[in-house]
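Enquirer: what's the 3D shape of this:
(chains A and B)
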Amino acid sequence: MDSLEVKQLTKRYGDLAAADHISFSVRDGEIFGFLGPNGAGKTTTINLLTGLATPTSGSARIAGFDCATEIKKAQRVMGIVPDESNLYEEMDGLENLSFCAALYGIGKEEREKKAGELLQKFGLAEAGRKPFGAYSKGMKRKLTIAAAIIHEPKILFLDEPTTGIDVASARQIRELIRTLNQKGTTIFLTTHYIEEAERLCNRVAFIVGGKIVRIGQLDELMREVQQENVVQLTFANGGADLKPALRENFPHVVVEASGTDALRFRSALPLNLTPLMRFFEQKGITVYEARIMRPSLEEVFVKITGIALEKMKQEKEDKGKQ
Amino acid sequence: MKSWIAFWNILMKDMRNYYLKPPNISWGIIFPVAWTLMFLLKSPTAVDVRGLLPGVMSLSVLFGTTSMLSVTLTFERRSRSFERLLLAPIDLNLLMLAKTSGAIVFGLVNAFVPVLFAAFLTDLSGIDWLPALGAIFLIAVTSTLLGLFIAVSVKEIFEAQTFSNFFRFPMIFLCGLFIPVESLPVFLQPISYMLPLTYGADILKSSISQNGHLGVPINFLILLAFAVGLFAVSVRNVKHKWIY
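Expert: Numbers count the residues shown, from 1 in each chain, chains lettered A, B, ... in the order given. Okay, here's the model as predicted:
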């Protein structure tokens, strides 16, 4: 069953289509990645789905509830982590969580119990009585996620959950997302960190200029852009010097250096490793690693969308600085 | 869902985070005292404290509520914490009622600071408290909704303050508190009757100094209509401007 079903969703601001006839569905229990550069329409789509914006045309259903006519019912089953941590600076962690639970009609005793449990689970128990304004960026992000799941939503929207935070906190947050998903929460994740989507998502959609340019499972998308077979061999003792001899013996294979002690072999045909290994054995070279190289999701993204990696990286840096 | 839990917690959160903060408590005390002193110093003869009371009470409510709600809402919008409320499964009418209730309570408390001071300076017997209380409540409601109207129209906190004064200062002189409406130039009188404060002030004058001129029931009806109308317009504005 689908947790989220979007059909031809469009949002126009004058001549600008921030979301342009977007259609996709998110299955129960999956982590769905929504990838694109800044300004691609990711946040607009989240706003349309969560009730912070009204569509110009099209429709969306969350857990069967129509986002236009039954948004308050839909909001009961969704949790939202916005791209900025927006809890109350002057309230402490416990008060913030308890307040967020109260917004969902949870009684005092139950919400205080849940808030305490979540602080514990997110490693924030010691900071529970500190004002939110005194938290580090990573702690703020974790508390914002905790606030979004205190009412046990069926679907969790995460808008750029790890942007601008340190590596250790980002890793913890990714682990939390995985755990939540394993417990049955459907995750809708927007990010411009392609590697994050690669680590977490079952399926992804690429959005550029308000339009979805491709949707699919990661393997499927990677296979689609993989036009050749690539194997990388790493040597213990100088095999990388044999490039000319390799070219002579294996004319259908393109040989490239990869660092000082490795070679990369490219071929349009499936690569047979046996003759290669025999060649190195005869030359007295020890091969201690053979790795099949697959395109990264980043490469897939670049090939499909045509957006330069440098642009994505610059955006990451700029957003991180903010 | 138990909506009242959300309503009560939003109200309590606002009271704790904004209205019960020391600067606002001191504002609530200093502001009415400053107005009273201004009239005392200005007047060459003995001041009729009781006669001043409707004006000082009304202004305390007007300034307290419009400032507080427009500033707190603009602040929450800037920090995006208001989004959290819009994303909660609470009916928008109930949400705005919860947000405005804090400011209304703040306004009511503000109104009674000058009463407390006046009790030491003059005899307050013979005041018809029931209509006075009703008038103060409705002045607080309409002024708060004016604050909401301002909050929806601005983006920055300083804009909220500036825009508030644009409405408040003309209201002081046009609502009949210090210059009777019938003594205003003819072309200004219609404007005066478009202001909710005119009707609230008239009830207070009737209840406290027995010199109102429109009649309490008609004043209440018009004030109620203003309150309902302003609330409906405010919620519509929030829907149109904050839910894009």
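
Enquirer: show me the shaky parts of chain A.
Expert: Segments of chain A classed as low confidence (criterion: pLDDT under 70) are A:308-322.

Enquirer: burial of the closest residue to B:Met15 other than its chain neighbours, as a residue count?
Expert: Leaving out its chain neighbours, the residue that sits closest to B:Met15 by CB to CB, 6 or more residues apart in numbering or on different chains is B:Gly102, at 5.5 Å. (Glycine included, C-beta is placed from N, CA and C.) Neighbour count for B:Gly102, taken as other CB atoms under 10 Å in any protein chain shown: 25.

Enquirer: for B:Gly102, give me the pLDDT.
Expert: Confidence at B:Gly102, expressed as pLDDT, is 92.

Enquirer: does it lie in a helix or a strand, and which?
Expert: Counting by DSSP states H and E, the element that carries B:Gly102 is helix B:92-121.

Enquirer: who does the helix or strand containing A:Gly33 pair up with?
Expert: Element membership of A:Gly33 [criterion: DSSP H and E] is strand A:31-35. Strand A:31-35 sits in its sheet next to strand A:186-191 (parallel), strand A:203-208 (parallel), going by DSSP bridges.

Enquirer: can you list the domain ranges for chain A.
Expert: A:2-223, A:227-293 (automatic domain parsing).

Enquirer: residues of chain B that sit close to chain A?
Expert: Contacts of chain B with chain A, taken as CB under 8 Å from any CB of the partner chain, map to B:1-3, B:5-6, B:8-10, B:13, B:17, B:79-81, B:83-91, B:243-244.

Enquirer: how about the helices of chain B, start to end?
Expert: For chain B, applying DSSP state H gives helices covering B:3-14, B:22-42, B:49-78, B:81-86, B:92-121, B:129-153, B:157-174, B:189-192, B:196-204, B:216-242.

Enquirer: and these, which one is worst for confidence?
Expert: helix B:22-42 (a mean of 76).

Enquirer: between helix B:49-78 and that one, find me the angle.
Expert: 150 degrees (axes from the mean of the first three to the mean of the last three CA atoms, to 10 degrees).

Enquirer: that older thread, save the domains of chain A as CSV, and put in distance to B:Phe231 too.
Expert: Shown next, in CSV, are those (distance: least, CB to CB, whole Å):
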stretch, distance to B:Phe231
domain A:2-223, 19
domain A:227-293, 63
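
Enquirer: most tightly packed of those domains?
Expert: Most buried of the domains of chain A, by mean neighbour count (mean count of other CB atoms under 10 Å in any protein chain shown): domain A:2-223, with a mean of 19.

Enquirer: before we move on, the earlier item: which of the domains of chain A sits closest to B:Phe169?
Expert: Among these, the nearest to B:Phe169 by CB to CB is domain A:2-223 (31.2 Å).

Enquirer: just checking, B:Leu92 touches B:Ser234?
Expert: No. B:Leu92 lies out of contact with B:Ser234 (CB atoms under 8 Å); the separation is 10.3 Å.

Enquirer: so for these two, which sits in the more crowded spot?
Expert: B:Ser234 (21 against 16).

Enquirer: excluding its backbone neighbours, what's nearest the more buried one?
Expert: That would be B:Leu148: by CB to CB, 6+ apart, it lies 4.4 Å from B:Ser234.

Enquirer: who are the contact partners of residue 67?
Expert: In the absence of a named chain, chain A is used. A:Leu48, A:Leu49, A:Gly51, A:Pro55, A:Ser59, A:Ala60, A:Arg61, A:Ala74 (CB atoms under 8 Å, 6 or more residues apart in numbering or on different chains).

Enquirer: sorry, I should have been clearer: chain B.
Expert: B:Gly147, B:Gln161, B:Ser164.

Enquirer: pipe the residues you listed into CSV and attach distance to A:Val208 and neighbour count per row.
Expert: As requested, the contacts of B:Ser67 are arranged in CSV below (distance: CB to CB, whole Å; neighbours: other CB atoms under 10 Å in any protein chain shown):
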residue, distance to A:Val208, neighbour count
B:Gly147, 42, 29
B:Gln161, 42, 17
B:Ser164, 44, 24
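
Enquirer: adding distance to B:Ala119, write those out as TSV.
Expert: Below are those laid out as TSV (distance: CB to CB, whole Å):
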residue	distance to B:Ala119
B:Gly147	29
B:Gln161	32
B:Ser164	30
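
Enquirer: re earlier: so what touches the helix or strand that the strand holding A:Gly33 is followed by?
Expert: Downstream of strand A:31-35, the next assigned helix or strand under DSSP H and E is helix A:42-50. For helix A:42-50, contacts defined as CB under 8 Å, 6+ apart pick out A:4, A:6, A:9, A:11, A:18-19, A:22, A:34-36, A:52-55, A:60, A:62, A:67, A:75, A:78, A:80, A:83, A:157, A:159-160, A:188, A:190, A:192, A:207, A:210, B:87, B:244.

Enquirer: mind checking which of these are in helices?
Expert: A:Gln75.

Enquirer: residues from the stretch 101-250 of chain A in reach of chain B?
Expert: A:Ala102, A:Leu103, A:Tyr104, A:Gly105, A:Ile106, A:Gly107, A:Ala147.

Enquirer: could you redo the last one with a cut-off of 7 Å?
Expert: A:Ala102, A:Leu103, A:Tyr104, A:Gly105, A:Gly107 (CB under 7 Å from any CB of the partner chain).

Enquirer: quick check: beta-bridge partners of the closest residue to A:Asp2 other than its chain neighbours?
Expert: Nearest non-adjacent residue to A:Asp2, counting by CB to CB, 6+ apart: A:Ser25, 4.4 Å away. Listed by DSSP bridges, the beta-bridge partners for A:Ser25 are A:Glu5.
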